[in-house]
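Peer 1: quick one, what's the 3D model for this:
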Amino acid sequence: MSFPSIPTITPSISLNRGQVCNLLLASIAFEELGLAHIINAEGEKIQAVLGTLSNGVTVSGISISGLLSINRGVNKTLQNVIKTQMLLQFKLEDILENCEQQHHHDKC
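Peer 2: Presented below is the predicted three-dimensional model:
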């Protein structure tokens, strides 16, 4: 059995430090946007089982144990969203610190 051959890839991308900072900040913003969609979906899930979703979608005949199970799932998802947001906060702080240092260095 042989290993696959991976071709040499030499991308030609030229970005200055400011562009890199902007791309990194945009990537964090997009991740936060994705997390916002997850939070919204979890809220709609709860609204659907409670029958309070504005578009009229409802889940009928759900038991108390079913409600509690859905609630546990939503809680777990939101805990994971919070963990991800904490990591994004650390990344944001690092990016801002490094970009500010470079910006200050460029002025000197």
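Peer 1: check this structure for its longest helix and report it.
Peer 2: In the chain, assigned by DSSP state H, the helix with the most residues is helix 64-107.
Peer 1: chain center to that one, what's the gap?
Peer 2: On the basis of CA atoms, centre = their mean, to the nearest Å, helix 64-107 sits 7 Å off its chain's mean C-alpha point.
Peer 1: now do the contacts for the residue most central in space within the chain.
Peer 2: Within the chain, one residue has its C-alpha closest to the average C-alpha position: by CA atoms, centre = their mean, that is residue 31, at 3.4 Å. When contacts are counted by CB atoms under 8 Å, 6 or more residues apart in numbering, residue 31 touches 84, 88. Yep, even glycine has a C-beta here, placed from its N, CA and C like the rest.
Peer 1: check which helix or strand it maps to.
Peer 2: Assigned by DSSP states H and E, residue 31 belongs to helix 17-50.
Peer 1: coming back round to it: could you give the angle of the longest helix of the chain to helix 17-50?
Peer 2: With axes from the mean of the first three to the mean of the last three CA atoms, to 10 degrees as the criterion, the two stretches helix 64-107 and helix 17-50 enclose an angle of 170 degrees.
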